[in-house]
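Undergrad: model the structure of this input:
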Amino acid sequence: MLLSNICYLHPDIYLRQTISYLYAMQYNRNNFHKHTFCVFNEVNFSEIASKQPNYTSDSGSAYYFTDEGVFRLSNHWGRAAKCKWRLQSTQDYDKRLRLGYAKWTDFQDDNSSEKLYFIEVDFEAKTAAYQHKNNFIGTELPIFRTASDASKMIKQIRNLLYSEDWARHFDMKIDDLREVIVSELVSTSKTLQQIKSGLL
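TA: The predicted structure follows:
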């Protein structure tokens, strides 16, 4: 089950995404690296087989530009300089070189002060990640948080998903308990302690 995987757009989100779409062309090869959030999709190395990089960073990441977007060949994802760039992949992340692709329209504004992010949780895969509010699809608005608050919450969620020590005082089955607590954690402003206390 994937939280936020709902079929319809909330009117506020629809308006925000429409405005975002109208200004989407603001990102290009000259400014996509300036305080942005983006989810790159992993692609095969054959996509750049006959290409030379247009730019190589000091850390060794190589960039291949197209009219519609950019390929990034790198062994580090997540934080990249002043940006938050995540690699969407079906494989577990390691330190190998991975190739990702994103359209210019996939890049979103990022800053440390605004509440720009919400949390996505996949209970079956036991994963949690933050996503930009302009990418939300659903009918019920989630709780939006700053990047710092979202990162702290993801650490809490991952502990809930992978550890069992915290659950010893509860009577509920661990999987059901995880889903109840995490779902309330990402959809309300309650703290983890408040949610646990309410279940005892």
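
Undergrad: and the residue in the chain sticking out farthest from the centre, backbone torsions?
TA: In the chain, residue 171 marks the outermost C-alpha relative to the chain mean, sitting 32.7 Å out by CA atoms, centre = their mean. Taking degrees, to the nearest 10, you get phi -90, psi -20 for the backbone angles of residue 171.

Undergrad: distance of it from residue 199?
TA: Plainly put, residue 171 is 9 Å away from residue 199 if you go by CB to CB, to the nearest Å. C-beta here means a position set from N, CA and C on the backbone, and glycine is covered the same way.

Undergrad: buried ones in stretch 187-200?
TA: For stretch 187-200, a neighbour-count test (16 or more other CB atoms under 10 Å) marks 187, 192, 195-196 as buried.

Undergrad: mind putting the residues you listed in JSON lines, distance to residue 123, pLDDT and secondary structure included?
TA: JSON lines is the format used below for these (distance: CB to CB, whole Å; pLDDT from 0 to 100; DSSP: H, G, I helix; E, B strand; the rest coil):
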{"residue": "187", "distance to residue 123": "14", "pLDDT": "92", "secondary structure": "helix"}
{"residue": "192", "distance to residue 123": "17", "pLDDT": "93", "secondary structure": "helix"}
{"residue": "195", "distance to residue 123": "16", "pLDDT": "94", "secondary structure": "helix"}
{"residue": "196", "distance to residue 123": "18", "pLDDT": "92", "secondary structure": "helix"}
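
Undergrad: tell me which stretches of the protein form helices.
TA: With DSSP state H as the criterion, the chain has helices at 11-22, 147-162, 174-187, 192-199.

Undergrad: which among those is found nearest to residue 59?
TA: helix 147-162 (20.8 Å; CB to CB).

Undergrad: check the offset of the closest one from the chain's centre.
TA: Distance, stretch centre to chain centre, for helix 147-162: 12 Å (CA atoms, centre = their mean, to the nearest Å).

Undergrad: perfect, that will be all.
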